[in-house]
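# I need the structure of the sequence given here:
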Amino acid sequence: MARFVRAFGLHQPDRTPCGQPIPVSEAHALGELARDGALRQSELAHRLRLEKSTTSRLVTQLINRGWAERTPAPGDGRGVLVQLTPAGVDAAGRLAAARAARFSAVLDRVPQGERASVLRALTILTEAVDDP
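Numbers count the residues shown, from 1 in each chain. Purely as a prediction, here's the structure:
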C-alpha cells in the first residue's frame, strides 16, 4: 500500500497525483464545488472530511487565488455558501482534464483483461476505508 501511495504521488500534499501544482485539498474542494455548484461551507467540510476550521482556511486559500467566493446562505444568518468564480471554474476544468488524462494513462497500462478486476478491487478498498 505504501508503495502505491508513493508511486501515485499521494504523499505530496502540495501537488495533485496528476502533477498539478496545487494542494490536494484545494483540488478536492474545487472538484466538489464544480460538480454541485454553491455549497454551504459546512457541507463542503463534511464532503472533504475536514474540520470546519480547516475548511474555512481552505476556502480562504481558494478566495485568495481568485477561485471562490463566500456569500451569506439565504435564510440563515450564520450560514455561508461557497461557490466558484469563473477563474475557479476554469481551474477546476483544467484539474479535471489532467486527472482524467492521468487516470486513463494508468488504466491503459493495466492489461485489458485485468482492468475490471483492478477497478473492482479499488471499489472494495475504498469501501473498506469508508467503513467505520
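
# Could you pick out the longest helix of this protein?
helix 86-108 (DSSP state H).

# which SSE is Thr60 in?
helix 52-64 (DSSP states H and E).

# do the same with Ser117
helix 115-130.

# residues touching the most centrally placed residue in the chain, list them.
Closest residue to the average C-alpha location of the chain: His28 at 1.4 Å, with Cα atoms, centre = their mean. His28 makes contact with Leu48 under the criterion Cβ atoms under 8 Å, 6 or more residues apart in numbering. For the C-beta atoms, the positions are set from N, CA and C on the backbone; glycine is no exception.

# helix, strand or coil for Cys18?
coil (DSSP: H, G, I helix; E, B strand; the rest coil).

# Need the three-state assignment for Asp14.
Counting by three-state DSSP, the backbone at Asp14 sits in coil.

# Tell me the pLDDT of it.
Listed pLDDT for Asp14 reads 77.

# one step back: what lies in contact with the helix holding Ser117?
Leu107, Val110.

# Go ahead and confirm Trp67 touches Ala91.
Yes - with contact defined as Cβ atoms under 8 Å, Trp67 reaches Ala91; the gap is 5.3 Å.

# what mean pLDDT does the helix holding Ser117 have?
91.

# buried stuff in the helix holding Thr60?
Neighbour counts over helix 52-64 (16 or more other Cβ atoms under 10 Å) mark Thr55, Ser56, Leu58, Val59, Gln61, Leu62 as buried.

# From Val110, how far out is the first one?
The gap separating Thr55 from Val110 is 35 Å, by Cβ to Cβ, to the nearest Å.
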